[in-house]
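Q: Have a look; sequence and predicted model below, questions after that.
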Amino acid sequence: MKKNLLLFLVMVLITSCLFAQRYTIKGKLIDLQSKENLMFANCILHYKTDTIGIYKGASSDTAGLFVFKGVKKHNLILNISFVGYKTFRKEIKENDFQTDKVIDLGVIPLEKDADLKEVNIVAKKKK
């Protein structure tokens, strides 16, 4: 009975240690020229081996901040997209995951894409 109880306790401790290996990835998005916060940008994490599937997704808040919580230690790719700006891509390697459990990417400036020109739509009515 004592062996079973000891084995159970060891299994619980191992399982809790495995699930405790979760990390937080955070950063702040700003406009490169104006230095204004970029609100509601799409922030997506992919596994490096699977860039089609989405591992985690988030949006930047009104202060331009984004946070991914509960991230497993893995080789990842961060893609950030926002209308009118060039897509930002950053590789996050397993070596970047340290003991402090937080990966702070700091301030990420996004560069504006080519300015959109005026579009004229002309329609002709059939007679």
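A: Nice, I can see it.
Q: Low-confidence stretches in the chain?
A: Scanning the chain for pLDDT under 70 picks out the ranges 1-20, 115-117.
Q: Break down this protein into its strands, ranges please.
A: 22-31, 42-47, 56-59, 65-72, 76-81, 88-92, 102-110 (DSSP state E).
Q: Residue 125 is nearest to which of these?
A: strand 76-81 (39.0 Å; CB to CB). Every C-beta, even on glycine, is put in place using the N, C-alpha and C of the backbone.
Q: Show residues contacting the closest one.
A: The contact list for strand 76-81, computed with CB atoms under 8 Å, 6 or more residues apart in numbering, reads 25, 29, 41-48, 51, 55, 66, 87-92, 105, 108, 110.
Q: And stretch 107-114, by the same measure?
A: Here stretch 107-114 has contacts from 27-33, 35, 38, 41, 80, 82, 84-86, 88, 90, using CB under 8 Å, 6+ apart.
Q: Just the buried subset of the residues you listed, written out for PyMOL, thanks.
A: A single PyMOL command selects the buried members of the contacts of stretch 107-114 (16 or more other CB atoms under 10 Å):
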select buried, resi 27+28+29+30+31+38+41+80+82+85+88
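Q: Could you double-check that residue 37 sits in contact with residue 62?
A: Yes. Using CB atoms under 8 Å, residue 37 is in contact with residue 62, at 7.1 Å.
Q: more neighbours, those two?
A: The neighbour comparison of residue 37 against residue 62 (other CB atoms under 10 Å) goes to residue 37, with 17 against 8.
Q: Burial check on the closest residue in space to the more buried one that isn't next to it in sequence, number of neighbours?
A: Using CB to CB, 6 or more residues apart in numbering and skipping residues adjacent in sequence, the residue nearest residue 37 is residue 64, 3.3 Å away. Applying other CB under 10 Å, we find 20 residues neighbouring residue 64.
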